[in-house]
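Colleague: just a sequence and a predicted model for now, questions to come.
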Amino acid sequence: MGPIEKAVETQFLPSINVSRDVYFGGKFVGVMIKRLMKKENREALWMFLRAQYAKHGIQGAEVLIAKVKPLFDAFADLMHLARACRVLKDEEVEQLCKLCASVPRQLRKIVTNRQIKTHMLEFEVPAFVRRWRTLGLFCEDPFESIHGLMNKLKSRYACVRDRCKRDELMYNALSVLKETAEAIKKIEKQSSRGPYKKKARTQPTPP
């Protein structure tokens, strides 16, 4: 491991709270990749590389960044569309399918001494997205985000002994919460004042 690679691993990645998972052979898991692909973190990486190259008196920082940056940007766009927890628009479906083809192609141009296995990304994902018009709705994140809410609803209706009736009440309550959230978003979008912000309470001045 060279000095710049070591600096990235020991200094830059911890600074943005990104680490390798020891249970997956030292690889980056999804949440870490998502964190690394944030625009501000990508820009911070380029600045860090420039500083490290200058510190060690090594030339070629701009050449490396010019080669890697388009791949990182394209992969960030791919992740944004692939993880979107909604039905994608027609143009978004096409954009995602194009990214599934272009990202592996860019990766092969950079990594020339290894076999890149991207069959699922190049063929399976586009076919799935064109069929169902979403990928993010089938990911783990939407289910995890609703898990805590379902536990609260289970506690609320634990007194209902009939399981079918209890599930029906939970479903109705969840539907009401969803409709309420959508109504609030619609009102905020139509309001000229924007989203409601709770004002801080001020102590009344004594007479």
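Modeller: Happy to help now that I have it.

Colleague: which elements pack onto the helix or strand bottoming out on mean pLDDT in the chain?
Modeller: The weakest-scoring helix or strand in the chain, judged by mean pLDDT, DSSP states H and E, is helix 140-156 (a mean of 77). Under the contact criterion of 3 or more Cβ pairs under 8 Å, 6 or more residues apart in numbering; DSSP states H and E, helix 140-156 touches helix 163-190. From N, CA and C alone the C-beta is placed, and that goes for glycine too.

Colleague: residues of the helix it packs on that come out buried?
Modeller: Arg166, Met170 (16 or more other Cβ atoms under 10 Å).

Colleague: can you name every helix or strand that it contacts?
Modeller: Where contact means 3+ Cβ pairs under 8 Å, 6+ apart, helix 163-190 is packed against helix 140-156.

Colleague: centre of the chain to the helix it packs on, how far?
Modeller: Distance, stretch centre to chain centre, for helix 140-156: 20 Å (Cα atoms, centre = their mean, to the nearest Å).

Colleague: list of residues touching stretch 56-74?
Modeller: Contacts with stretch 56-74, where a contact means Cβ atoms under 8 Å, 6 or more residues apart in numbering, come from 3-4, 37, 42, 45-46, 49-50, 52-54, 99, 102-103, 106-107, 110.

Colleague: quick check: the gap between the residue nearest to Leu174 when sequence neighbours are not counted and Asp162.
Modeller: Distances taken as Cβ to Cβ, 6 or more residues apart in numbering place Leu153 nearest to Leu174, at 6.7 Å, with adjacent residues excluded. Leu153 sits 16 Å away from Asp162, taking Cβ to Cβ, to the nearest Å as the criterion.

Colleague: show me which of the two is the more surrounded one.
Modeller: When Leu153 is set against Asp162 and neighbours are counted by other Cβ atoms under 10 Å, the residue ahead is Leu153, at 20 against 9.
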